[in-house]
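Q: Okay, predicted coordinates and the sequence, questions at the end:
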Amino acid sequence: MKRQARILSIEDNPQMSVLIQLIFERQGHRVMGVRKGELGLEFLKNLNPDVLLLDLMLPDIDGWQLYRQMKADKELAKVPVVVVSARNPEHDRERGDFVIDGDKFVQKPFEVTELVNAVNTVLGNGTS
């Protein structure tokens, strides 16, 4: 049986935020959602979530910038990340922006099972 995870979602689109919360609460997880990157970074430091779902297009900070800040911090770098974005990962990679280690990238629009599998994989509950 999968354990309940604490998920932090940094997503500025209210409808997407509600969808993410619904998907993962139905899976038995707890989801905290914030709409701005700087606030999300503070929540990340204080909440110590099991996984971060990160949108790249945020109103106050570029998601890749937030991702790099997080990965440069010894403690925050331990939190697995699933980047969930409509941006093209190949284009971002050409600019030097990409997920590292065991983190995942899920492109919007996504299939629910694709997102759930990515989260389960970074949590160590499955493979993708």
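A: Thanks, I have the structure now.
Q: how about the strands in the protein?
A: Using DSSP state E, the strands found in the chain span residues 6-10, 30-34, 51-54, 81-85, 104-107.
Q: ranges for the helices of this structure?
A: Secondary structure of the chain (DSSP state H): helices at 14-26, 37-47, 63-72, 89-94, 112-123.
Q: and of these, who's closest to Val82?
A: Nearest to Val82, of all those, is helix 112-123, at 4.8 Å by Cβ to Cβ. C-beta coordinates here come from the backbone N, C-alpha and C atoms, glycine included.
Q: who does the helix or strand of the chain with the lowest mean pLDDT touch, helix- and strand-wise?
A: When each helix and strand of the chain is scored by mean pLDDT, DSSP states H and E, helix 89-94 comes last, with a mean of 74. With contacts defined as 3 or more Cβ pairs under 8 Å, 6 or more residues apart in numbering; DSSP states H and E, helix 89-94 has no helix or strand neighbours.
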